[in-house]
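Undergrad: What follows is a predicted structure for the sequence shown.
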Amino acid sequence: NFLTRHFSEGSGKYDLFTNDVTKLLEEKTNIHIEWDYLPAEDAETKLNLIIVGGEYPDVLFEYPIDQSKILEWSEEEIIIPQNDLIENHTLEYRKILQDREDIRIASTAPDGNIYSWVRTDGGIHILVNTKIFVYDTWRTQYLDATGNKVETTDEYRDMLIYFRDNDMNGNGNASDEIPMSGSSGTLIESMLNPFVYGRNMYLEDGQIKVNFNQEKYREGLRYIKSLWDEKLLDEELFTQNAQQITALVNQSSVNEMIVGGFCSLWDGSYINPAVVPYEAYKGVAPLIGPDGTRQTVYSKADVKAGYGVIFNTCENPEAFVQWMDYLYSEEGTILMAYGIEDISWKWVDYPSLDGDPKSVSRTAPVGTLYERNVQWIATAPCYRTPKIKYLETAEPGQSGASLYNSSMLYMPYADPDQAIPNNMWMTADQSSQLALFKASIDEYVKEAAAGFIVGELSLDTDWDTYLAQLKSMNLDEYIAVNQETYDTNAK
């Protein structure tokens with residue numbers, strides 16, 4: 001049996017047991033899979049209970065686990081190494097490991113064994129995964145009315161003020177517009193970037209740095225606080241979830257639109273294309289700060305390890321790795337990425353995002369395909385390369401075009417050398433130390449940022465106390481443990 005995560009897409013209509021892709025895979029491989037779901041909420045707790053109970057599944061499929069958990073389970077010998085299985089029973093994945101050093105490194109534990117498979121995305125959007133989006137109808141109206149540009153932090157604030165004051169939806173109520181909404185985490189990161197590197201921890205000349213004890217971070221918070229004080233940010237910024245943001249964004253007519261912009265991976269994070277078309281909210285390039293800084297966070301997120309772990313209870317691991325190997329073929333990856341031809345997608349005579357004369361066009365929005373239960377969620381393990389990722393049509397209004405176009409605004413301002421790798425092996429002691437630091441320091445920084453922005457803390461009189469608290473929480477040791485882990489993996 002395969003243990004995987006449960007998804008709520010499609011109002012519960014998404015079901016791996018009866019999904020069209022599942023049926024096709026069974027026909028191709030003659031392997032029937034019994035699926036067990038981890039709950040959508042608190043999956044980690046449920047997984048730990050299963051492990052403690054000793055009733056292991058055959059495989060942990062689409063629920064990537066981190067390297068520390070892999071080391072723990074391998075030492076307990078409840079999962080098995082797959083080196084020989086991959087060498088003797090795969091073609092596609094064996095070649096990938098030979099061709100891609102980064103994937104081989106991410107896959108190989110310090111003991112030399114491979115315990116999991118790596119998934120790649122292939123898209124540039126995953127490398128620059130925090131962007132600013134603005135409702136284009138309102139932005140065009142603002143530009144036409146004022147002749148202003150929107151490039152700097154001050155110019156961006158001026159546009160939001162215009163949104164606040166000018167009854168942008170024309171419904172006669174000048175107070176129902178929300179100039180900027182979204183998730184607090186992505187908004188803060190995006191608005192910090194013109195002042196300081198937006199991600200809390202990053203690399204500078206190979207040294208681990210944090211942004212949240214720097215003077216430029218304080219200046220970035222001052223800017224965000226100015227937006228809050230001017231009532232340009234959603235008053236529910238620090239409490240709302242994705243479903244609530246989606247409800248605000250998706251209004252059925254222009255006179256009901258109330259959200260001027262948000263920050264996210266892409267516009268489809270909150271758009272339901274059945275209500276609001278893709279690219280109704282268009283990307284805005286990274287803002288320029290007061291000293292001319294223009295940058296965005298780079299994430300080494302294309303390579304993700306931890307998929308396809310085999311437990312020692314699996315009676316036929318050879319069949320599993322052969323089954324998995326198909327997902328890593330070009331045909332299998334297209335199936336994972338786009339679904340079944342003529343059901344989920346079709347070839348069209350329109351250039352692809354990569355410039356090919358023919359391209360893949362989805363037959364319906366992705367969410368609709370999930371709801372119809374004809375396609376797998378596109379996070380299953382596979383080997384998506386840019387070639388496969390950008391088979392998608394460049395037709396305006398398609399999800400792929402939206403992802404690509406907004407990301408291209410950000411790529412020139414992203415520095416890969418500042419990104420800490422996602423897949424780092426660490427000892428059990430390092431893992432437990434970092435978990436404690438994350439629970440204390442990261443949470444304190446998050447709470448303090450919110451307090452500074454909404455005015456519960458003063459950026460003038462409380463800043464030194466904030467820095468002293470960070471020091472007392474052993475910030476230097478937190479940085480040192482991360483540096484040690486990075487240095488070990490960088491060798």
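TA: Okay, I see it.
Undergrad: okay, CA-based contacts and neighbour counts for the rest of this
TA: Will do.
Undergrad: So for stretch 225-235, first residue to last residue, what's the gap.
TA: End-to-end distance for stretch 225-235: 12 Å, by CA to CA, to the nearest Å.
Undergrad: And stretch 20-37, by the same measure?
TA: Using CA to CA, the end-to-end distance of stretch 20-37 comes out at 18 Å.
Undergrad: That one: which residues count as buried?
TA: D20, V21, T22, K23, L25, W35, D36 (16 or more other CA atoms under 10 Å).
Undergrad: Nearest to I343, out of the residues you listed: which one, please.
TA: I343 lies nearest to D20 out of the buried residues of stretch 20-37, by CA to CA, at 9.3 Å.
Undergrad: Need the nearest residue in space to the closest one, chain neighbours excluded.
TA: With sequence-adjacent residues excluded and distances taken as CA to CA, 6 or more residues apart in numbering, D20 is closest to V374, at 4.7 Å.
Undergrad: ok, now A428?
TA: In space, A428 is closest to S68, 6.4 Å off (CA to CA, 6+ apart).
Undergrad: And G292, how far from V196?
TA: The spacing between G292 and V196, counted by CA to CA, is 11 Å.
Undergrad: Against T4, how distant is P39?
TA: Counting by CA to CA - P39 and T4 are separated by 9 Å.
Undergrad: Please say which of those two ends up with more neighbours.
TA: A count of neighbours by other CA atoms under 10 Å puts T4 above the other of P39 and T4, at 24 against 16.
Undergrad: So that one lies in a strand, does it not?
TA: Yes: the assignment for T4 is a strand, going by DSSP: H, G, I helix; E, B strand; the rest coil.
Undergrad: Relative to F17, how far out is the residue sitting furthest away from the middle of the chain?
TA: When distances are taken from the C-alpha mean of the chain, G172 lies farthest, 38.0 Å away, according to CA atoms, centre = their mean. Going from G172 to F17 by CA to CA gives 50 Å.
Undergrad: one step back: can you give the contact residues for the strand or helix carrying the residue nearest to A428?
TA: Applying DSSP states H and E as the criterion places S68 in helix 67-75. Identification of contacts with helix 67-75 by CA atoms under 8 Å, 6 or more residues apart in numbering yields 79-81, 109, 115, 305-306, 423-428, 431.
Undergrad: Turn these into CSV, including neighbour count.
TA: Formatted as CSV, these follow (neighbours: other CA atoms under 10 Å):
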residue, neighbour count
I79, 23
I80, 20
P81, 20
A109, 21
Y115, 25
A305, 26
G306, 24
N423, 20
M424, 18
W425, 23
M426, 24
T427, 14
A428, 14
S431, 19
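Undergrad: What is the nearest of those residues to N30?
TA: Closest approach to N30 among the contacts of helix 67-75 (CA to CA): I80, at 23.9 Å.
Undergrad: Could you check how far that closest one is from V309?
TA: Distance from I80 to V309, by CA to CA: 8 Å.
Undergrad: Go ahead and measure how far the lowest-mean-pLDDT helix or strand in the chain is from the middle of the chain.
TA: Least confident helix or strand of the chain, by mean pLDDT, DSSP states H and E, is strand 2-5 with a mean of 72. Between the centre of strand 2-5 and the centre of its chain there are 20 Å (CA atoms, centre = their mean, to the nearest Å).
Undergrad: Kindly report the same for stretch 292-311.
TA: Centroid separation for stretch 292-311 versus its chain: 8 Å, with CA atoms, centre = their mean.
Undergrad: Can I take it that V150 is in a helix?
TA: No: V150 is assigned coil when assessed by three-state DSSP, not a helix.
Undergrad: ok but I208 is inside a strand, no?
TA: Yes: counting by three-state DSSP, I208 is part of a strand.
Undergrad: Quick one, grab the pLDDT at it.
TA: Per-residue pLDDT puts I208 at 97.
Undergrad: Just to check, it is in contact with E484?
TA: No: the criterion here is CA atoms under 8 Å, and I208 misses it with E484 at 9.5 Å.
Undergrad: More neighbours: the two, which one.
TA: Neighbours per residue (other CA under 10 Å) separate I208 from E484, with I208 holding more: 20 against 14.
Undergrad: quick one: the more buried one and Y63, what's the gap?
TA: For I208, the distance to Y63 - CA to CA - is 29 Å.
Undergrad: Please apply the same query to Y478.
TA: According to CA to CA, Y478 stands 28 Å off from Y63.
Undergrad: Among the two, which residue is more densely surrounded?
TA: Y63 (21 against 16).
Undergrad: Am I right that that one is in a helix?
TA: No: read with three-state DSSP, Y63 is coil and lies in no helix.
Undergrad: Need phi/psi at the residue farthest from the centre of the chain.
TA: phi 90, psi 0 (degrees, to the nearest 10).
Undergrad: picking that back up, now for the residue nearest to A428, how many residues are close by?
TA: So S68, with other CA under 10 Å, has 19 neighbours.
Undergrad: coming back round to it: tell me who's in contact with the residue nearest to D20.
TA: N19, D20, V21, G339, I340, I343, S344.
Undergrad: Please repeat the previous calculation with a cut-off of 7 Å.
TA: With contacts defined as CA atoms under 7 Å, 6 or more residues apart in numbering, V374 is in contact with N19, D20, V21.
Undergrad: got a pLDDT number for the residue found closest to the first one once you drop the neighbours it is linked to in the chain?
TA: What it means is N19. Residue nearest to N19 in three dimensions, not counting chain neighbours: N373, with 5.1 Å by CA to CA, 6+ apart. The model reports N373 with a pLDDT of 92.
Undergrad: residue contacts, N373?
TA: Counting by CA under 7 Å, 6+ apart, N373 touches K13, Y14, D15, N19, D20.
Undergrad: Quick one: buried ones out of those?
TA: Neighbour-count burial (16+ other CA under 10 Å) applied to the contacts of N373 gives Y14, D15, N19, D20.
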